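Chemist: Return a 3D structure for these sequence lines:
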Amino acid sequence: MPLLLRGYLPDIWPERWRFFAAAVEGRSEDDIVALLPQDPEGIYNRFILDPQVHTYALAKEALAGDVSLLLDAVAWRLGLCETPPPFDNTDGEVRAFLLATQAYDALNQNDWSTGLEILLEAAETVRDVSPVFSSRLYAEWAATKQMLGDHGQETVEGYRSALALLEASSFQEARAELWFQLGTAYQADAEGRKGPLLEAVKCYQEVLKVYRRDTHPEGYAMVHMNLALAYLAMPSFDRGARLRTAVSIQSLREALRIFQKDTHPELWASATVNLANALQHVQTSHPEDNLWEAVALYEDVLAVRRPEDDPMGYARVLANQGNALAHLGAFSRAVPRLEEASHLFRAQGEYDAAEAVEDILAEIARKRKETTSNE
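Modeler: The predicted structure follows:
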């Protein structure tokens with residue numbers, strides 16, 4: 001049991017824990033029920049697998065002590081009793097479980113500070129007894145802080161504590177999920193700073209050691225998209241900028257192998273627009289090819305978006321496409337797109353964006369005038 005609590009799965013399971021091995025192996029519920037022992041753990045887990053009012057009542061009659069408190073905690077989470085059980089006079093993983101239940105009760109009532117305080121106490125209570133459980137509690141604590149908009153050092157340390165507790169365990173997928181969440185925390189807090197963005201990149205690279213295109217396609221694609229966005233958000237004045245943009249393009253192309261227009265329309269549109277933006281700005285020996293590919297990608301997105309659904313998003317795609325066309329000298333195609341983008345920006349009160357587009361229109365007009373005067 002101590003090794004199991006630390007995340008080590010034994011090669012040979014004790015007879016009374018064969019049901020747990022079956023659950024880990026993903027076997028059917030019927031198989032697991034058939035293996036449950038006729039003891040308090042078996043009664044408790046029968047309720048977990050069939051959480052009904054009558055199974056709760058039967059289990060409540062048969063159980064006492066800590067297991068009864070755990071039963072009440074699960075029943076409260078499932079709405080079968082009104083209040084979470086007390087955690088007084090308990091210790092170890094039972095106390096941590098009951099503390100976590102109290103924390104969820106506070107969080108459900110939007111008492112965020114109390115909920116976070118109790119959740120952190122739960123994680124620390126069980127840290128030496130069950131690192132795996134403690135890791136999950138630290139992760140939930142950090143994820144809750146992140147959900148509330150806190151992407152700072154405490155949130156980062158929460159995720160890192162969760163990762164450290166799983167370091168020697170068998171749960172590599174759980175570690176990958178934590179690396180991904182940590183990466184998003186760094187990325188959200190970066191505000192264009194290279195240091196946090198590089199930390200985010202390191203996190204996403206850790207995830208890709210576990211997530212493969214054939215085993216975790218959606219997660220794999222999402223990591224590649226975030227990786228690309230992290231690279232693209234870095235300052236572009238150093239010598240590594242060209243390489244980073246090239247890597248981001250490669251990652252976006254990889255994401256688009258999974259995010260298809262018909263299966264993941266929103267993610268496909270986001271990855272497509274980001275790829276077009278990256279192609280438009282990458283330094284290359286064949287800029288025209290990239291610009292024409294960007295124009296085509298923007299056109300794909302405009303074909304499925306409607307300005308009435310998302311006028312700002314539609315205007316940004318139009319403006320970017322118009323800018324690419326202007327760089328290609330395709331002024332007759334660029335102007336109507338830029339004019340529509342400007343109109344939409346002004347209608348939404350985005351005057352700075354409108355003026356930026358109008359600057360491009362003015363530059364096009366100046367070049368056209370120069371061309372006419374030279375003829």
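Chemist: With Leu63 as the reference, measure out to Val24.
Modeler: 24 Å (C-beta to C-beta, to the nearest Å). Glycine gets a C-beta too; all of them are placed from N, C-alpha and C.
Chemist: and the residue nearest to Arg136 when sequence neighbours are not counted, how many neighbours?
Modeler: Nearest residue to Arg136, sequence neighbours excluded (C-beta to C-beta, 6 or more residues apart in numbering): Ala162, at 7.4 Å. Residues lying near Ala162 (other C-beta atoms under 10 Å) number 27.
Chemist: swap in Gln205?
Modeler: 13.
Chemist: For it, which residues are in contact?
Modeler: Leu227 (C-beta atoms under 8 Å, 6 or more residues apart in numbering).
Chemist: go with 10 Å
Modeler: Trp179, Gly183, Val223, Leu227 (C-beta atoms under 10 Å, 6 or more residues apart in numbering).
Chemist: looking at it, the first one is touching Tyr159, isn't it?
Modeler: Yes. Between Trp179 and Tyr159 a contact is recorded at 8.4 Å, counting by C-beta atoms under 10 Å.
Chemist: Quick check on those two: which one has the bigger neighbour count.
Modeler: Tyr159 (27 against 22).
Chemist: Helix or strand: which one has that one?
Modeler: helix 153-165 (DSSP states H and E).
Chemist: Give me the nearest residue to Ala21, chain neighbours excluded.
Modeler: Per C-beta to C-beta, 6+ apart, closest to Ala21 is Trp13, 4.4 Å.
Chemist: what's around the one you found, how many residues?
Modeler: Neighbours of Trp13 (other C-beta under 10 Å): 15.
Chemist: What separation do you get for it and Val24?
Modeler: Distance from Trp13 to Val24, by C-beta to C-beta: 9 Å.
Chemist: what sits in contact with each of these two?
Modeler: Leu4.
Chemist: picking that back up, mind putting the contacts of Gln205 into JSON lines with secondary structure and distance to Arg77?
Modeler: Formatted as JSON lines, those follow (DSSP: H, G, I helix; E, B strand; the rest coil; distance: C-beta to C-beta, whole Å):
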{"residue": "Trp179", "secondary structure": "helix", "distance to Arg77": "28"}
{"residue": "Gly183", "secondary structure": "helix", "distance to Arg77": "29"}
{"residue": "Val223", "secondary structure": "helix", "distance to Arg77": "31"}
{"residue": "Leu227", "secondary structure": "helix", "distance to Arg77": "36"}
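Chemist: just curious, which of the residues you listed is nearest to Ala362?
Modeler: Nearest to Ala362 among the contacts of Gln205: Leu227, at 37.1 Å, using C-beta to C-beta.
Chemist: what number of residues lie near that closest one?
Modeler: Neighbours around Leu227, by other C-beta under 10 Å: 26.
Chemist: Let me know whether it touches Leu198 as I believe.
Modeler: No. Leu227 is beyond contact range of Leu198, at 11.5 Å (criterion: C-beta under 10 Å).
Chemist: in the lengthiest helix in the chain, what's buried?
Modeler: For the chain, the longest helix by residue count, based on DSSP state H, is helix 351-374. Within helix 351-374, the residues that count as buried by 16 or more other C-beta atoms under 10 Å are Ala353, Ala354, Val357, Glu358, Ile360, Leu361, Ile364.
Chemist: Tell me how far Gly92 lies from Arg127.
Modeler: 11 Å.
Chemist: and what of Gln205?
Modeler: Taken as C-beta to C-beta, the span from Gln205 to Arg127 is 28 Å.
Chemist: quick one: average confidence on stretch 190-201?
Modeler: The average pLDDT for stretch 190-201 rounds to 94.
Chemist: And for stretch 299-316?
Modeler: On average, stretch 299-316 scores 93.
Chemist: secondary structure element for the closest residue to His216 other than its chain neighbours?
Modeler: Among residues not flanking His216 along the chain, Val210 sits closest, at 7.5 Å (C-beta to C-beta, 6+ apart). Counting by DSSP H and E, no helix or strand carries Val210.
Chemist: any idea how far Val210 is from Trp179?
Modeler: Counting by C-beta to C-beta, the gap from Val210 to Trp179 is 8 Å.
Chemist: Equivalent analysis for Gly192, please.
Modeler: Separation of Gly192 from Trp179 (C-beta to C-beta): 22 Å.
Chemist: Then Glu266?
Modeler: With C-beta to C-beta as the criterion, Glu266 and Trp179 are 24 Å apart.
Chemist: Stretch 101-121: end-to-end distance?
Modeler: Start-to-end span of stretch 101-121 (C-alpha to C-alpha, to the nearest Å) is 12 Å.
Chemist: Break down the stretch 51-200 of the chain into its helices, ranges please.
Modeler: 53-62, 65-77, 92-108, 112-125, 131-147, 153-165, 172-190, 194-207 (DSSP state H, counting those that start in this stretch).
Chemist: Spell out the secondary structure type for Lys261.
Modeler: coil (DSSP: H, G, I helix; E, B strand; the rest coil).
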